[in-house]
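1. model this:
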Amino acid sequence: MVMKESLKRDPTRRTVVKRALAVPMAAQLAGGGQRPQRAASLIRSENNKTAAADWQLTNVRLDKADGFRSRVIEGYCSHQSIAAGEILHIMASADPPGRIQIEIFRMGYYGGRGARLMTA
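-> Now for the predicted structure:
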């Protein structure tokens, strides 16, 4: 009885996860399983959209033959992945200074092409 009483006061990580997952699973089962079908149709609809023909990096100039950097243009993003409506900050620099164009792609299947151009 002492062990059961101890678990009530100080649950293990496994107990906490089980309890946390129980509520969403019960809600999904109560909904008749409609959400997975809707999610599948949304994914199917997204994958049927026009894919980008040329989204991978091409014509890359590296500092060294075995390097992965180029001083001509460098950049990075504030996040690797974002949800719809979230803000993405893009930092870039060019040497020599000049105009650059940034293209934003959404990664996915898209008939095997792998990405879709969202904006430039």
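2. point out where the chain drops to low pLDDT.
-> Along the chain, the parts satisfying pLDDT under 70 run over 1-11, 13, 15-18, 20-35, 68.
3. mind listing the helices in this protein by residue range?
-> 2-9, 13-30, 34-47 (DSSP state H).
4. then stretch 73-91 to CSV, C-alphas only?
-> Listed next in CSV are the C-alpha coordinates belonging to stretch 73-91 (Å, rounded to 0.1, in the frame of the first residue of the first chain):
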residue,chain,number,x,y,z
ILE,A,73,26.2,34.8,-50.2
GLU,A,74,25.3,33.3,-46.8
GLY,A,75,22.1,33.2,-44.8
TYR,A,76,20.1,31.5,-42.2
CYS,A,77,16.6,31.4,-40.9
SER,A,78,15.2,31.9,-37.4
HIS,A,79,13.4,28.5,-37.5
GLN,A,80,13.8,25.3,-39.5
SER,A,81,10.1,24.7,-39.7
ILE,A,82,7.1,26.9,-39.0
ALA,A,83,3.3,26.5,-38.8
ALA,A,84,0.9,28.5,-41.0
GLY,A,85,0.7,32.1,-39.7
GLU,A,86,4.0,32.0,-37.8
ILE,A,87,6.8,34.5,-38.5
LEU,A,88,10.1,33.4,-40.1
HIS,A,89,13.0,35.8,-39.9
ILE,A,90,15.6,35.4,-42.7
MET,A,91,19.1,36.8,-42.3
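5. and the contacts of it?
-> By CB atoms under 8 Å, 6 or more residues apart in numbering, the list of residues contacting stretch 73-91 from outside reads A92, S93, A94, D95, I100, I102, I104. To be clear about C-beta, it is placed using only N, CA and C from the backbone, and glycine gets the same treatment.
6. same thing but at 10 Å, please
-> Among residues not part of stretch 73-91, those counted as contacts by CB atoms under 10 Å, 6 or more residues apart in numbering are V60, R61, A92, S93, A94, D95, G98, I100, I102, I104, R106, M107.
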